[in-house]
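After the sequence you'll find the predicted model.
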Amino acid sequence: MNIFLKYLLKSSVSKKGRSLLLIFTITISTSLLIGAMGALNIGRGAYEEQAKKVWGDYNVLISANKTSKTPFFNKDKISKEDFEAFVPGTKVRGYLSADETVNIVLGGVSAETYSKLPNMKILKENNLKPLVGDKAIISEKTSKAYNLGLGDKLKINIKGKERNLNICGISENNGEFFSDLKNQFSVIVNENTVSDLWGINNLSNVMLVKLKDGVNSKEFVKKFNEKNSDCMAKITLDKNGIDEDAKPVAAFLYFMTLIVVLMSSFIIYSCFKLIVIERMQVIGTFLSQGETRGGIIKLLLGESLIYGVVSGVLSMFLGAGVIYLLADVVNKYKGYGVPTKADFNIKYFVLGFSFSIGISLISAILPIIATRKLQIKDIILNKISVSDKKSYKSFILGTMLILIAIVINNLDNSISIKFSPIVFFLFIIGAVIAIPGITKIITYPLMKIFENVSVFFKLALNNIRTSKILLNNIRLIVIGMISIMVIISLSSSYKNTMLGMAKSYKYDISVYQAMDPTRIEPEDPTKIESTINKNVNIKKVIKIFAVRDGQIKVPNKNILIQGIEPQTYKYYDNYLEIKDKDEFYRELDKNERNVAINDKVAKEIKKSKGDSIILRINNKEVSYKITDIFNAKLSPDVVLINKENLIKDFGIALPTMYSLQINGNADEVKKALQKEFKGTLAQAKTFDEDVVESIGAISFFTKILLFFSVMTVILGMLGMINNIGVSFIQRKREFVVLNSIGMTNEQQRRMIFIEGVVTAILATLLGGSISYFAVNISNNLIKLVGLPLPIEYDFKAFFIISIGIFIIMILSSVFVMVKNSRVSIMQELKYE
């Protein structure tokens, strides 16, 4: 036993290539699994860090109600029994006198409370206390951007009036200054300075609150909003919303990890099959010396355990790198000074390590246990051959599984989605089982056709259809192709859908009228619309009213409520998937409380066309009838209502966005509009700029998808090459026998080359067909995890992969030819 153990260790070290392939395969699979498990908390970590930088310990923000007549509330009328700390303030918007394109938010607080603002840390000060008159605090970032120091003057324009502020303090870039940029920054002054500009007294438009320990923030917000009509509260950090945003990412990663794991299992299986075959002579020697089968099996399983342990350790480091990479890519606030923080939960690494050992043992156990079926004398004499017995049982079983999968997949939509995981696995397993039978059916008539044309062609085709070794080569290539095509098609479909979303709206310029939570509005709330209306180059305006914190009362689901002008929106939005556009918008255009809801939400709240739902905005509740259900694809959960109802029922009077169709040059019109928008947060962008921004927004996810795709391709290629090595060792005696009965090396080379080319053709045809259906079935699987993404087969990738398969098979054939020329007839047939 000790001698055999030493042999195993020495053999593992000597066969570095195969050992590295095993370790690499297991490590990659496990690392991707660890990354997928950590994905759900990745977005949350970056968002929570950003929230801490902005809000500090304050967990509730109070502002004027969106439907109130003024953007102010009386701070003294608010009950403070649940408050541990609070800071009331008043804000107003203006711009830099020297540059009208630079927006400024002037925040006013009392002389004593500026130090209580979240994360307020004064780095430099000069006669700052008390904060009165024209004394002002700016951020370090603004100080450097505009070369402003203590004692310098900052000239600003607020509500049409020039004002000179005296810089008396410079703070860290946190809290009120977190989002300072070159073209937009905040300034803190005394509250009386801001109140005078507004013409108000003892009123505020913002209050930061830190609740007492034991006070539930959600319950507080709910009760506060029910009691107060002129102001509203909201939680500064909505963890549930973060988790909802992270779930699609996690679902994608889990799905792709599953595909990679399936392919890795076959690669590990084929590697251990090669290991067992190569060591068969040594195993026979040890058996002849009295070693037991059970002892050898235990040692071989022990070797697979070693691979699992080594890979598990390596995957911890690589998995940590994957988690950090994902966290860094998701971190949108790096530019604001938020460091990337990843959630290295020990649970992920323990599960990953266990998975590494498990996949190694499970994938290796079949070829190891198979040695029990062999006769000891055959093992000792190395008379191990692979049975080519014909059997159509597997073909019939595989075909039945494929047909069952196709039938279920084409049933009622809800049933096919519900059972999609079972359907997917039935189809893949059925296809894998049926591949040898399908290959035999295809090659038999071809063999008959070439019978009188080329004996080598006939012999090659006969070898392919009768040899389990060659059939297994085709099977592995097809499995690799399915894995690669599913992941690449998923990646390309996601990217195309997101770009399609950006390009599916018909406009030239978009104007986003930002409404921040504190309702800091310009002097004239209709300034943006009036500016748009007086521009002679604008021929059509599409107004969109969006309420992002709306709700469907039952079951209290947060949702985007969008108010539209049906007859203009109809020609603007070509992204939503609607069965009958005319009927859809006709219903919304009626003078009734009608609503259209996306299918994902309808399924979640169990509502159908004709049912009623109650929409809630700012504690106002109104019942609406569902007149249609549409597919929003990858858009956020949304309901559409007529904008007149949004104004009448909920008092939302200002559009969130204007989409403009123009005459003339879009860049010139945009510049003219942006100049008129001074003193507001309105941003004008051309259609092309929006598309570029959309590409940037999805770049982090496309990088992740690309990473998975590349790993899958690499694993697939390594698996194919490894299987060629297995097949050569298994066929050595076959080649020698052919050589001994008169077939020359040149004739064998010709036969091997034909086998390689035909194998590539058959594998490509079968792999393309099966992977096409696998991608089709994946559509329902993706819908099941809450991602209504239409996955389309990537034919361009299929063409490239097919070329790659041909190259690999030709190179592998050359490898087999070279190896075959060095085989000794006497060595292989010494026992005959």
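Thanks, I have the structure now.

Please report the distance of residue 98 from residue 162.
11 Å (CB to CB, to the nearest Å). All C-beta spots, glycine's among them, are computed from the backbone N, C-alpha and C.

Now do the shared contacts for those two.
With contacts defined as CB atoms under 8 Å, 6 or more residues apart in numbering, the residues adjacent to both residue 98 and residue 162 are residue 155.

what about dumping the CA coordinates of the one helix or strand residue 668 maps to to CSV?
When elements are defined using DSSP states H and E, residue 668 is found to belong to helix 666-676. Below are the C-alpha coordinates for helix 666-676, written out as CSV (Å, rounded to 0.1, in the frame of the first residue of the first chain):
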residue,chain,number,x,y,z
ALA,A,666,-29.1,68.2,-31.9
ASP,A,667,-25.8,69.4,-30.3
GLU,A,668,-26.5,73.0,-31.0
VAL,A,669,-30.1,72.8,-29.7
LYS,A,670,-28.9,71.0,-26.6
LYS,A,671,-26.3,73.8,-25.9
ALA,A,672,-28.9,76.5,-26.3
LEU,A,673,-31.3,74.7,-23.9
GLN,A,674,-28.6,74.0,-21.3
LYS,A,675,-27.7,77.7,-21.2
GLU,A,676,-31.3,78.6,-20.4
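
Past it, which element shows up next along the chain?
Towards the C-terminus, the helix or strand next in line after helix 666-676, according to DSSP H and E, is strand 683-686.

tell me which strands and helices that next one is in contact with?
strand 509-512, helix 666-676 (3 or more CB pairs under 8 Å, 6 or more residues apart in numbering; DSSP states H and E).

Among those, show me which one is buried the most.
Comparing those on average neighbours per residue, with mean count of other CB atoms under 10 Å, the densest one is strand 509-512 at a mean of 22.

So which elements touch it?
The helices and strands touching strand 509-512, judged by 3+ CB pairs under 8 Å, 6+ apart, are strand 657-662, helix 666-676, strand 683-686, helix 687-740.

Mean confidence (pLDDT) on that strand, please.
The average pLDDT within strand 509-512 is 87.

Quick one: residues in contact with that strand.
For strand 509-512, contacts defined as CB under 8 Å, 6+ apart pick out 528, 532, 656-660, 662, 666, 669-670, 673, 677, 682-687, 690.

For the stretch 151-300 of the chain, give me the ranges with low pLDDT.
Across the stretch 151-300 of the chain, residues meeting the criterion (pLDDT under 70) sit at 239-253, 270-271, 274-275, 277-279, 281-282, 285-287, 289-291.

what's the average pLDDT for the helix or strand encompassing residue 644?
Secondary structure assigned from DSSP H and E places residue 644 in helix 643-650. The predicted model gives helix 643-650 an average pLDDT of 90.

residues of that helix that come out buried?
643, 645, 646, 649, 650 (16 or more other CB atoms under 10 Å).

now stretch 541-557
In terms of neighbour count (16+ other CB under 10 Å), stretch 541-557 has its buried residues at 541, 542, 543, 544, 545, 546, 547, 549, 550, 551, 552.

Could you find the lowest-pLDDT member of those?
Summarising pLDDT for the buried residues of stretch 541-557: the lowest-scoring member is residue 549, with 78.

for it, helix, strand, or coil?
The three-state label given to residue 549 by DSSP: H, G, I helix; E, B strand; the rest coil is strand.

i'd like the first residue to be 204 from this point on
Got it, the first residue is 204 from now on, which makes the last one we talked about residue 752.

returning to what we had before: just send the buried residues of stretch 744-760 back as TSV, with distance to residue 962 too.
Written out in TSV, the entries for the buried residues of stretch 744-760 read as follows (distance: CB to CB, whole Å):
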residue	distance to residue 962
744	62
745	57
746	62
747	57
748	61
749	57
750	60
752	59
753	59
754	59
755	57
